[in-house]
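[1] Let me see the structure of the following:
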Amino acid sequence: MCLVQPGANLGPVLSHIDVRTGRWLTGVLASKKFADMKPGQILECWGVSGIGAERCLVVKLPDRPEPIFMRRTGARIGKKLTDLSVLVEATAGTRNLDLVVQGMTLGGYRFDRYKKEKTETGPAGKWRVMAPSPPTLNKRFDVLRPAIDGVHFTQDLVNEPANVLTTCEFARRLCQLRELGVEVEVIDEDELERLGMRALLAVGQGSDSPSRVVVMRWRGGNSPPIALIGKGVVFDTGGISIKPASGMEQMTMDMAGAATVAGVMKSLALGNAPANVVGVVGLVENMPSGSAQRPGDIVRTLKGDTVEVVNTDAEGRLVLADLMWFAQERFKPAAMVDLATLTGAIIVSLGHEYCGAFSNDDRFYQKFEAAAASEDENVWRQPLSKSFDKIIDSKFADMKNIGNRWAGAITAAQFLKRFVRPELPWIHLDIAGVAWTPKESKFAPMGATGWGVRSLSKLIVDNYSDA
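    Model (predicted):
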């Protein structure tokens, strides 16, 4: 693999390779084909003699490659490499090589544990990298590695089938974070009933898999914690308001909010972040059965408000409502972010390109937006307004769990806002379109993306550390 800036001198490694190949690289760089390439394009060459490589990839860089460009380029490289490969820094002026390797490690992710034939690369990043200063590269990459590992942890969880990742298995895997210094508490159904989390319990009451709430704490600082709340519906049939059969197999990803929270907690622990963070996730399965909740049921939340269940497929907000109130009551956080694959409406609005974001605090949102921009994770703020509240008002309870067909993502956020104390900075991230994609994304193959792990980790480390 050769990264080349036009007009720049070859470094010593590439000069050696150029000689070994009979000036093959010099010929490539002087060719019209290379001259016509756009920055970021990859030229794939086969049968290059003299270096024992089956193929060589030459990547054209712009004169001044920006960090985002280098990370995206690395991701494209990682998606192409399916065997043990060598990355060579091509020119003395090339910078941000650590971001290229980061992109490669993200783009090279594979989920193939259920295939007989497995790829040789994957989350561990088995590439050998040649660079002018390996110690410098290693030091810079070590800063990036915790978030990468967190992303891959999230992707593995989201990609798991629901017959494997049950609510109990999910909780067991989160308990493994104790090995990294994360405090993990698992709350069972009896305790959830005693606490009063009846909205969350109602979602899972039709399933044979027991509902669980898992609390993860990283005590790297002494300030009031940042609370991360995640929806963890391990499979969502829609319940009695059952979904269409077409595409229902994708509903194994409806726990991506909880998986993202778990990935952030792992990232912070691996990086020994000097911050105080609590992650609270609700693990349930939404199934139709004789014991499932029905349209028309009225449930009482932990806060005490009642909800008329108009549609059992609008279940995620019931889970989040109890989790959010629980986190505020127990941990008194300084700020709170919830993540959920909450609505199809946000995909209609923003596709699979942007996450929909809602916030009651401009300053808090701007910090997150800056973190997301630096990590190249797209986010678009949506409105909140009291004018939408009437859509979810109920004649029989304090509110309905769903409105009409209009502004579905917004009314879902308005529902959640009723469970946020007015003085608490809060962001709701509807990740339905970005947590899992039907085709490859910038940094991942088709399937789980791990979106949000890097942005939230950076938000916390940059703005809420005690260091």
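
[2] Buried residues of stretch 395-406, list them for me.
    By 16 or more other Cβ atoms under 10 Å, the buried positions in stretch 395-406 come out as 397, 398, 399, 400, 401, 402, 403. All C-beta spots, glycine's among them, are computed from the backbone N, C-alpha and C.

[3] Turn these into JSON lines, including pLDDT, distance to residue 275 and secondary structure.
    As requested, the buried residues of stretch 395-406 are exported to JSON lines (pLDDT from 0 to 100; distance: Cβ to Cβ, whole Å; DSSP: H, G, I helix; E, B strand; the rest coil):
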{"residue": "397", "pLDDT": "98", "distance to residue 275": "39", "secondary structure": "coil"}
{"residue": "398", "pLDDT": "98", "distance to residue 275": "35", "secondary structure": "coil"}
{"residue": "399", "pLDDT": "98", "distance to residue 275": "34", "secondary structure": "strand"}
{"residue": "400", "pLDDT": "98", "distance to residue 275": "37", "secondary structure": "strand"}
{"residue": "401", "pLDDT": "98", "distance to residue 275": "34", "secondary structure": "coil"}
{"residue": "402", "pLDDT": "97", "distance to residue 275": "36", "secondary structure": "coil"}
{"residue": "403", "pLDDT": "95", "distance to residue 275": "37", "secondary structure": "coil"}
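
[4] out of the residues you listed, who's nearest residue 88?
    residue 402 (55.0 Å; Cβ to Cβ).

[5] Nearest residue to that closest one in space, please, no chain neighbours.
    residue 314 (4.0 Å; Cβ to Cβ, 6 or more residues apart in numbering).

[6] Mind giving me the packing neighbours of the helix or strand containing residue 135?
    Residue 135 belongs to helix 134-159 when assigned by DSSP states H and E. When contacts are defined as 3 or more Cβ pairs under 8 Å, 6 or more residues apart in numbering; DSSP states H and E, helix 134-159 packs onto helix 97-107, helix 256-270, strand 447-448, helix 453-463.

[7] and it, average pLDDT?
    Predicted confidence along helix 134-159 averages 95 (mean pLDDT).

[8] Next, the residue nearest to residue 402: secondary structure please.
    Counting by DSSP: H, G, I helix; E, B strand; the rest coil, the backbone at residue 314 sits in coil.

[9] Could you pull up the contacting residues of it?
    The contact partners of residue 314, taken as Cβ atoms under 8 Å, 6 or more residues apart in numbering, are 401, 402, 412.

[10] Sheet partners, orientation included, of the strand or helix carrying residue 276?
    For residue 276, the host element (DSSP H and E) is strand 276-286. Strand pairing for strand 276-286, using DSSP bridges, gives strand 212-219 (antiparallel), strand 226-236 (parallel).

[11] Residue 160 is in contact with residue 255, isn't it?
    No: contact between residue 160 and residue 255 fails when scored by Cβ atoms under 8 Å: they sit 9.1 Å apart.

[12] all helices for the stretch 51-200 of the chain, in order.
    67-80, 97-107, 134-159, 167-175, 189-195, 198-204 (DSSP state H, counting those that start in this stretch).

[13] What residues sit buried inside stretch 223-231?
    Result for stretch 223-231 [16+ other Cβ under 10 Å]: buried residues 225, 226, 227, 228, 229, 230, 231.

[14] which residues in the stretch 301-450 of the chain form helices?
    316-331, 345-350, 362-374, 408-417.

[15] Dump those helices into CSV; add mean neighbour count as well.
    Output for the helices of the stretch 301-450 of the chain, formatted as CSV (neighbours: other Cβ atoms under 10 Å):
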stretch, mean neighbour count
helix 316-331, 24
helix 345-350, 19
helix 362-374, 17
helix 408-417, 24
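
[16] Let me have these in a markdown table, extended by mean pLDDT and distance to residue 133.
    As requested, the helices of the stretch 301-450 of the chain are arranged in a markdown table below (pLDDT from 0 to 100; distance: least, Cβ to Cβ, whole Å):
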| stretch | mean pLDDT | distance to residue 133 |
| --- | --- | --- |
| helix 316-331 | 98 | 44 |
| helix 345-350 | 97 | 41 |
| helix 362-374 | 98 | 24 |
| helix 408-417 | 98 | 47 |
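
[17] okay if I get those helices as a markdown table plus distance to residue 32?
    Listed next are these as a markdown table, based on distance: least, Cβ to Cβ, whole Å:
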| stretch | distance to residue 32 |
| --- | --- |
| helix 316-331 | 55 |
| helix 345-350 | 41 |
| helix 362-374 | 37 |
| helix 408-417 | 49 |
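
[18] Quick check: which of these is nearest to residue 440?
    helix 345-350 (16.9 Å).

[19] In contact with residue 439, which residues?
    Contacts of residue 439 (Cβ under 8 Å, 6+ apart): 352, 446.

[20] swap in the one 10 residues further on?
    Contact analysis of residue 449 by Cβ under 8 Å, 6+ apart lists 155, 434, 435, 436, 437, 441, 443.

[21] For it, give its distance to residue 435.
    For residue 449, the distance to residue 435 (Cβ to Cβ, to the nearest Å) stands at 6 Å.

[22] and what of residue 266?
    17 Å.

[23] now do residue 262
    Where residue 435 is concerned, residue 262 sits at a distance of 13 Å (Cβ to Cβ).

[24] Residue 426 too?
    Residue 426 is 20 Å from residue 435, by Cβ to Cβ.

[25] for residue 170, same thing?
    On the measure of Cβ to Cβ, residue 170 and residue 435 end up 15 Å apart.

[26] Next, count neighbours for residue 58.
    Residue 58: 20 surrounding residues under other Cβ atoms under 10 Å.

[27] For it, list the residues it contacts.
    With Cβ under 8 Å, 6+ apart, residue 58 has these contacts: 2, 4, 25, 28, 34, 42, 43, 45.

[28] Could you do residue 311 as well?
    241, 295, 401, 402.

[29] Now render the residues you listed as a markdown table, adding distance to residue 389.
    Converted to a markdown table, the contacts of residue 311 look like this (distance: Cβ to Cβ, whole Å):
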| residue | distance to residue 389 |
| --- | --- |
| 241 | 23 |
| 295 | 21 |
| 401 | 14 |
| 402 | 14 |
